[in-house]
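J.: I'll drop the sequence and a predicted model, then ask my questions.
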Amino acid sequence: LLAAVTVVSVRPHPGGYVRDCGGEGGCVFGEAWTDEHPGPGGRDGCDTRNNVLARDLRDVVFRPGSDECVVLSGTLDDPYTGARVQFRRTHANAVHIDHIYPLAAAWDHGAAQWSAELRRQFANDMVYNLIAVDGATNMTKRDHTPAAWLPPATGYRCWFAGKYLTVALRYGLPITVEDHSALADSARTCPR
């Protein structure tokens with residue numbers, strides 16, 4: 001994967017990235033967690049966040065009468081820390097849905113030129129780019145790429161590197177020289 005990905009010297013910052021939807025525009029990747037996308041989980045009556053929670057948590061309890069579309073609780077085995085995290089809808093920030101390849105980085109590396117539909121698909125890509133993770137850990141990741149952030153649990157870095165590179169290749173997104181170096185170091189931890 002490392003040999004196949006495009007490498008650039010620096011991350012450009014073309015401007016224009018606004019994640020939140022508001023009255024003054026923005027919303028460059030579409031409404032957050034929309035069900036209106038063509039990929040898996042799209043147009044199934046459930047929003048993307050609840051689809052990912054239902055997939056990634058165990059011992060899931062759904063809101064009665066929600067057609068298994070609203071997750072009330074469950075347990076996450078966090079792929080970034082290895083910790084067990086209890087999710088309760090009343091304290092939903094305990095578990096976040098992370099974009100492995102961050103939206104802001106994707107925007108900077110070329111998504112600004114994509115169609116609105118492709119950006120919406122990327123933002124809601126349950127197969128390649130979305131996972132449930134520990135909320136506090138995800139707050140440290142923010143829109144950082146691998147040169148600035150890797151999972152704190154070193155045993156998960158090989159897995160993360162593979163996922164990150166897979167997303168980059170699938171969407172034709174480059175990585176920086178520094179990201180390449182960090183991912184190469186992570187790849188050295190992979191079982192042979």
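T.: Now that the structure is in, tell me what you want to look at.
J.: could you point out which element follows the lowest-mean-pLDDT helix or strand in the chain?
T.: Lowest on mean pLDDT, DSSP states H and E among the helices and strands of the chain sits strand 25-26, with a mean of 62. On the C-terminal side of strand 25-26, the closest following helix or strand by DSSP states H and E is helix 48-56.
J.: Dump that following helix to PDB, restricted to CA.
T.: Once non-C-alpha atoms are left out, helix 48-56 reads as follows in PDB (Å, rounded to 0.1, in the frame of the first residue of the first chain):
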ATOM      1  CA  THR A  48     -24.900   6.900   9.400                       C
ATOM      2  CA  ARG A  49     -23.800   7.500  13.000                       C
ATOM      3  CA  ASN A  50     -26.400   5.000  14.300                       C
ATOM      4  CA  ASN A  51     -25.400   2.500  11.500                       C
ATOM      5  CA  VAL A  52     -21.800   2.700  12.600                       C
ATOM      6  CA  LEU A  53     -22.600   2.400  16.300                       C
ATOM      7  CA  ALA A  54     -24.800  -0.700  15.600                       C
ATOM      8  CA  ARG A  55     -22.000  -2.300  13.600                       C
ATOM      9  CA  ASP A  56     -19.100  -1.500  15.900                       C
END
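J.: Name whatever forms a beta bridge with residue 73.
T.: Beta-bridge partners for residue 73, by DSSP bridges, are residue 61, residue 88.
J.: Which positions within the helix ranked longest in the chain qualify as buried?
T.: In the chain, assigned by DSSP state H, the helix with the most residues is helix 157-171. By neighbour count on 16 or more other C-beta atoms under 10 Å, the buried set for helix 157-171 is 157-168, 171. For every residue, glycine as well, the C-beta is placed using N, CA and C.
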